[in-house]
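J.: Just a sequence and a predicted model for now, questions to come.
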Amino acid sequence: MGSEGPKAVTIHVTGFKKFQGVAENPTETIVNNLMNFVQTKGLLRAGVTLGSCTVLETAGDGALPMLYEVLESGISRTDTKNEQVIWLHLGVNSGAKKFAIERQAVNEATFRCPDELGWQPEQHPIVAEDGGISRKQETTCSIEAILKVLKNKGYDVTISDDAGRFVCNYVYYHSLRFAKQKGHKSLFVHVPLFSRINEESQMQFVASILEAMASTS
């Protein structure tokens, strides 16, 4: 029994395209380059697979079909009976100076500006059947353990209890519900602009998150 080894883990990653005020979204660059980055550098241990890397439209309701297509396609490639499936969503906080692991998402869409498909809800429940806008979904990832791993590697990272009310929170809420229904895990991480923390450092950080998520799942 003691020789079974670590459980196989498949991680799917998403980022976002540009949106109002952010002409170049660092998460689009990170996600587009991540597969080659981890494979070239051999950064993931045996048993950990980077399943897919997808860049989402920075939009809420209008992008839902695309979001769920991505979520469903991610699990359809995996034998979920023998593997832990994890979703890692990356978003940018243009005012941040450090990385932030988001503990939860709130059932409220209040967009400070129109999304990329022109939608700008105000105090709109993300999933009406869940009840009011104060309803929350919390990640089942071991975020304190993940934080410890990342800090031990020297990263400036914190845990946040507020993912905002824009598209990041919107996508995270749907992903957390989906993960709970399927027995998977979901985590959202906000990153700064490349002008705050350069691209190479952010790529290394995300690779470290993948390993930390796998080792603590």
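T.: Now that the structure is in, tell me what you want to look at. Numbering: from 1, shown residues only.
J.: C-alpha only now, for contacts and for neighbours.
T.: Noted.
J.: roughly how far apart are residue 133 and residue 124?
T.: Computed with CA to CA, to the nearest Å, the distance linking residue 133 and residue 124 is 7 Å.
J.: Give me the common contacts of those two.
T.: residue 108 (CA atoms under 8 Å, 6 or more residues apart in numbering).
J.: Buried ones in stretch 14-21, by neighbour count?
T.: In terms of neighbour count (16 or more other CA atoms under 10 Å), stretch 14-21 has its buried residues at 14-19.
J.: Would you mind writing the CA trace of stretch 139-148 as CSV?
T.: The C-alpha coordinates for stretch 139-148 follow below in CSV (Å, rounded to 0.1, in the frame of the first residue of the first chain):
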residue,chain,number,x,y,z
THR,A,139,-12.1,26.7,-3.3
THR,A,140,-11.3,23.3,-1.9
CYS,A,141,-7.6,23.7,-2.8
SER,A,142,-5.3,23.8,0.2
ILE,A,143,-4.4,27.4,-0.3
GLU,A,144,-2.5,27.9,3.0
ALA,A,145,-0.3,24.9,2.0
ILE,A,146,0.1,26.3,-1.5
LEU,A,147,1.0,29.7,-0.1
LYS,A,148,3.7,28.2,2.1
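J.: how distant is that stretch from the center of its chain?
T.: 13 Å (CA atoms, centre = their mean, to the nearest Å).
J.: what residues does that stretch touch?
T.: Residues outside stretch 139-148 that contact it (CA under 8 Å, 6+ apart) are 101, 103-104, 157-159, 176, 185-187, 209, 212-213, 216-217.
J.: Now residue 16. Its backbone dihedrals?
T.: Taking degrees, to the nearest 10, you get phi -130, psi 160 for the backbone angles of residue 16.
J.: And it, how close does it get to residue 66?
T.: Applying CA to CA, the value for residue 16 to residue 66 is 12 Å.
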